[in-house]
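> Next input, structure requested:
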Amino acid sequence: MKFNKLFIAAVAFAAVAMVSCEKKPEPIVVPTDSTDVVAPDMPAIDAPATGKTTIAIYAEVCPKGAYLVGNFEEHNYDINYDGMSFEAVPGAENWYAITIDYAADLQVKAIARPSDEDVPFSWSYQWGMNYDPTSAEPAVEDEKDNNTIILAGAGTWAYENRGEVKLTEVADGGVVFIWVKNWKTTPVVEAKKLETCWAKTNWDNASDWTWKEMTKVGDGVFEVEGIWGGNGFNIAETEGGADAWYPTDHANVTIEGEPAAGDKVKVTFTSEKGNVGTLKITFLEKGEPAAVIPGGTGTFTVTITNREYAEGDVCIFTGNFEDKSWGDSDRAMTYDATAGTWSWTGDYPENFEYKVIYNGAWANGGNVKFNGENYTAEFEIQ
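Take a look at the predicted model:
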């Protein structure tokens, strides 16, 4: 993005001096609409050996440290695996660093551990959102409001979800310095119950996921009724705000009355610590039975409408498969240069829904619900 490219160019010499351990670079001034903000001093960090890359972050709020998630061969985007942990940089307050194997297609993001050990890890605690020039409705208004800034070293942002960022195009044997001004949601968890609450899912058994405001019925207790799509729920204090994800198999989720997709249900959320709490899905009345689309074997072909293919691009086919969750899919599609399409062949389950992940970025919109006949689809990547 323009802002970061200007920074990288401006501090190229400083970055070389820094990794040599000879001296620290001059302070960087971050332009804003009002008072200029001086970025934190960057510590001297030795460049790693060839085949490695080092990521250093500055975060003043990091009560339990942070870890990396990304497109690793093992623990691919596994939010619950914190084994790739940042370590404090000696003598540099609030700086943390990690050295990992270099890969040309590497895409990663930092996740803060919540201050309360009873609170599960969450995508809500990823580094803060930036202005997304590729989004029709960016969550952050302008570049001056960016929350995660590349200060020095090679690296660019890949965007998703209206401004969430993943670090990519890092250097082999290089160090990249990043300022985490804010996390998407503060990892400092307060034992405070919500006063307002919203629930997001594929209401009315639709493809798109939408928010519904819940009604407060008690101290920290909220309810909402609707036609259930059969999936879990995102819970947030405000519509579109920082949320917690409650899949149907979550330890804090209970389901009463054996509802199925298309049935009317009551959803009850009891807030204990913000959007952390318990969720109950209660069957109310039977809906119209949905047609069952049998599983089988087939070849699915998709067209990516807003990306030009480049050598090395990866398109992952994902869906409601039994053996791997949506984010853990490793079903790489094959590119047909003549047709400009991607394809995957394999077994698919009953009532199949699918989507794609292109170079680590999810497709926009809802899932495609396979109708048993049409094996083609088009996707726009976030």
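
> Without its sequence neighbours, what residue ends up closest to the residue positioned nearest the centre of the chain?
Closest to where the C-alpha atoms of the chain average out (C-alpha atoms, centre = their mean) is residue 123, at 5.8 Å. With C-beta to C-beta, 6 or more residues apart in numbering as the measure, residue 79 is the residue that lies nearest to residue 123, at 5.8 Å, once sequence neighbours are left out. Just so you know, the C-beta spots here come from the backbone N, C-alpha and C atoms, and that holds for glycine as well.

> Count the neighbours of the one you found for me.
18 (other C-beta atoms under 10 Å).

> What pLDDT is listed against it?
The confidence metric pLDDT takes the value 88 at residue 79.

> Neighbours of residue 120, how many?
15.

> sec struct for it, please.
coil (DSSP: H, G, I helix; E, B strand; the rest coil).

> for it, what are its contacts?
Applying C-beta atoms under 8 Å, 6 or more residues apart in numbering to residue 120 gives the contacts 80, 114, 276.

> before we move on, what SS does the nearest residue to residue 202 once chain neighbours are set aside have?
Closest residue in space to residue 202, ignoring its immediate chain neighbours: residue 229 at 3.4 Å, by C-beta to C-beta, 6+ apart. Assigned state for residue 229: coil (three-state reduction, three-state DSSP).

> and residue 229, how far is that from residue 364?
With the distance defined as C-beta to C-beta, to the nearest Å, residue 229 ends up 18 Å from residue 364.

> And the two? Which one has more around it.
The residue with the greater number of neighbours, taking residue 229 and residue 364 and applying other C-beta under 10 Å, is residue 229; the counts read 21 against 17.

> And the strands in the stretch 101-250 of the chain?
With DSSP state E, counting those that start in this stretch as the criterion, the stretch 101-250 of the chain has strands at 107-112, 148-152, 156-160, 164-168, 175-180, 198-201, 210-213, 215-218, 221-227, 233-236, 243-246.

> can you tell me which of the ones you listed comes nearest to residue 294?
With C-beta to C-beta as the measure, strand 221-227 is the member of the strands of the stretch 101-250 of the chain nearest residue 294 (23.5 Å).

> for residue 135, what are its contacts?
By C-beta under 8 Å, 6+ apart, the contact list for residue 135 reads 159, 162, 163, 382.

> quick one: residue 299 is in a helix?
No. The assignment for residue 299 by three-state DSSP gives strand, which leaves it out of any helix.

> so what's the closest residue to residue 376 other than its chain neighbours up against?
Distances taken as C-beta to C-beta, 6+ apart put residue 301 closest to residue 376, at 5.0 Å, once the chain neighbours are dropped. Shown in contact with residue 301 (C-beta under 8 Å, 6+ apart): 341, 342, 343, 375, 376, 377.

> So which bits of the helix or strand harbouring the third one are buried?
Assessed by DSSP states H and E, residue 343 sits inside strand 341-348. Using 16 or more other C-beta atoms under 10 Å as the test for burial, strand 341-348 gives 341, 342, 343, 344, 348.

> For residue 171, see how far away the first one is.
Yep, that's residue 341 we're talking about. In this structure, residue 341 and residue 171 are separated by 33 Å, where distance is defined by C-beta to C-beta.

> circling back to that earlier point, would you mind putting the contacts of residue 301 into CSV with pLDDT and distance to residue 140 alongside?
Shown next, in CSV, are the contacts of residue 301 (pLDDT from 0 to 100; distance: C-beta to C-beta, whole Å):
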residue, pLDDT, distance to residue 140
341, 96, 34
342, 97, 31
343, 97, 36
375, 96, 38
376, 95, 35
377, 94, 30
